[in-house]
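**Student:** Curious how this folds, go ahead:
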Amino acid sequence: MIGYVTLGTNDLERAGKFYDQLLGELGANRFMDQDTFIAWGTGPGAPMVSVIKPFDGQAASVGNGVMVALVVDSREKVDALHRKALELGAADEGAPGERAPGFYAGYFRDLDGNKLNAFFMG
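**Tutor:** Next comes the predicted model:
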């Protein structure tokens with residue numbers, strides 16, 4: 001259902017380096033790379049994550065209550081992705097753990113303050 005998600009950034013180069021490494025952990029590569037945005041995906045037709053300089057030319061800001069959730073296929077991958085994000089300079093927003101029966105997640109904010117999580121259902 002979701003084709004792609006965009007996250008605002010004020011430093012496209014810095015965000016690109018962060019997401020190259022973070023999303024590389026999930027097997028994603030740069031799918032599109034332009035002057036104002038970069039998108040990563042795992043292949044044609046798969047959902048993508050992108051960072052973008054806002055179209056209106058104003059500074060990017062973080063949406064309150066907005067979060068991007070990255071699905072993985074094990075608790076170990078939740079742990080690894082959360083750990084990688086922190087190694088890359090992300091801020092911890094909640095260590096990996098079971099949030100509800102069968103829902104395991106770890107939360108972090110990227111270098112621009114956008115909130116993400118990695119989660120596993122099962």
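
**Student:** Quick one: list the elements packing against the helix or strand residue 40 falls within.
**Tutor:** Using DSSP states H and E, residue 40 sits within strand 37-41. Counting contacts by 3 or more Cβ pairs under 8 Å, 6 or more residues apart in numbering; DSSP states H and E, strand 37-41 packs against strand 4-8, helix 12-24, strand 29-33, strand 48-52. Heads up, the C-betas are built off the backbone N, CA and C, glycines and all.

**Student:** Mind checking what secondary structure residue 84 has?
**Tutor:** Under the three-state scheme (DSSP: H, G, I helix; E, B strand; the rest coil), residue 84 adopts helix.

**Student:** how close does it get to residue 66?
**Tutor:** As judged by Cβ to Cβ, to the nearest Å, residue 84 and residue 66 stand 22 Å apart.

**Student:** okay, those two: which has more neighbours?
**Tutor:** Neighbour count, other Cβ atoms under 10 Å: between residue 84 and residue 66, residue 84 has more, with 18 against 11.

**Student:** Just list the residues touching residue 30, thanks.
**Tutor:** 16, 20, 38, 39, 40 (Cβ atoms under 8 Å, 6 or more residues apart in numbering).

**Student:** Just the buried ones from those, in PyMOL syntax?
**Tutor:** The PyMOL command for the buried members of those (criterion: 16 or more other Cβ atoms under 10 Å) is given here:
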select buried, resi 16+38+39+40
